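S.K.: When you get a sec, could you give me coordinates for this:
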Amino acid sequence: MNDWRAKSGIFVLVNLAGALAEQVGAIQQRFDPRLAAFAPPHFTLIGSSGAGPIAADTPASTLRAALEPIAGATAPFEMHFGRPVRYMNTNTFALPLDAHGPLRALHDAIRRSGLVFARSRHAFTPHVTLSHYRTPTDEEARELLAVRVTEPLVVDHLVVSLTEEPARPRELLELDLTGRNA
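M.R.: Okay, here's the model as predicted:
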């Protein structure tokens, strides 16, 4: 599996929770109901940027064997969103996350896990998508860029999910981050 355009495969996500999920979900529902209906608010750790999806035929036992030690060695951590961005020449608006520090370490550990990934054409740019499928009006674009999300994101789990578009993603397993801070 090496097509960077892969839209099907196994993705590693972090779901938003609590008030943060409600706030981001409401933004998605308002500006892109199709996106809101596809999956709960989340960011993609593996599968879109920095690493393409994991091969769709990877057995759950192989996923668990590769990812459990990483989750067990990684302590939960908090992150904060930057100001919204619009990706150049697209209708995609997103809340960016810092690609360095513990998030980068987690991403890189998964990349080195021995799993088979599709190629990704993009550098690791973690983000939560606010709008993607819908073309916003100029006023909606200004509103999306004015959004401020101050609630911190707690990265404390990994959701491993199989996507075979156009079907909704199907969760294969969830792992809590249980490591301790040094």
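
S.K.: L115 reaches A56, doesn't it?
M.R.: No. Using CB atoms under 8 Å, L115 is not in contact with A56; the gap is 11.8 Å. Using the backbone N, CA and C atoms, a C-beta is placed for each residue, glycine as well.

S.K.: the more surrounded of these two?
M.R.: Between L115 and A56, counted using other CB atoms under 10 Å, L115 has the larger neighbour count: 19 against 14.

S.K.: and the residue positioned nearest the centre of the chain, what are its bridge partners?
M.R.: Nearest to the geometric centre of the chain sits T44, at 1.5 Å (CA atoms, centre = their mean). For T44, the beta-bridge partners are L13 (DSSP bridges).

S.K.: can you pull the contacts of it?
M.R.: F11, V12, L13, P126 (CB atoms under 8 Å, 6 or more residues apart in numbering).

S.K.: Can I get the residues you listed in JSON lines including distance to R168 and pLDDT?
M.R.: Listed next are these as JSON lines, based on distance: CB to CB, whole Å; pLDDT from 0 to 100:
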{"residue": "F11", "distance to R168": "12", "pLDDT": "95"}
{"residue": "V12", "distance to R168": "17", "pLDDT": "97"}
{"residue": "L13", "distance to R168": "13", "pLDDT": "96"}
{"residue": "P126", "distance to R168": "22", "pLDDT": "96"}
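
S.K.: can I get those in TSV with neighbour count?
M.R.: Output for these, formatted as TSV (neighbours: other CB atoms under 10 Å):
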residue	neighbour count
F11	23
V12	23
L13	23
P126	24
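
S.K.: Same list (those residues) but as a markdown table, adding distance to S49.
M.R.: Below are those laid out as a markdown table (distance: CB to CB, whole Å):
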| residue | distance to S49 |
| --- | --- |
| F11 | 11 |
| V12 | 12 |
| L13 | 13 |
| P126 | 7 |
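
S.K.: Which neighbouring elements make contact with the helix or strand of the chain with the lowest mean pLDDT?
M.R.: The weakest-scoring helix or strand in the chain, judged by mean pLDDT, DSSP states H and E, is helix 33-38 (a mean of 90). Applying 3 or more CB pairs under 8 Å, 6 or more residues apart in numbering; DSSP states H and E, one finds that helix 33-38 contacts helix 18-31.

S.K.: buried ones in the helix it packs on?
M.R.: The neighbour-count check on helix 18-31 (16 or more other CB atoms under 10 Å) flags L20, A21, Q23, V24, I27, Q28, F31 as buried.

S.K.: what's it packed up against?
M.R.: Applying 3+ CB pairs under 8 Å, 6+ apart, we find helix 18-31 packed against helix 33-38, strand 127-131, helix 138-146.

S.K.: And for the residue nearest to P76 when sequence neighbours are not counted, the neighbour number?
M.R.: Spatial nearest neighbour of P76, chain neighbours left out: D156 (3.7 Å); criterion: CB to CB, 6 or more residues apart in numbering. Other residues near D156 number 16, with proximity taken as other CB under 10 Å.
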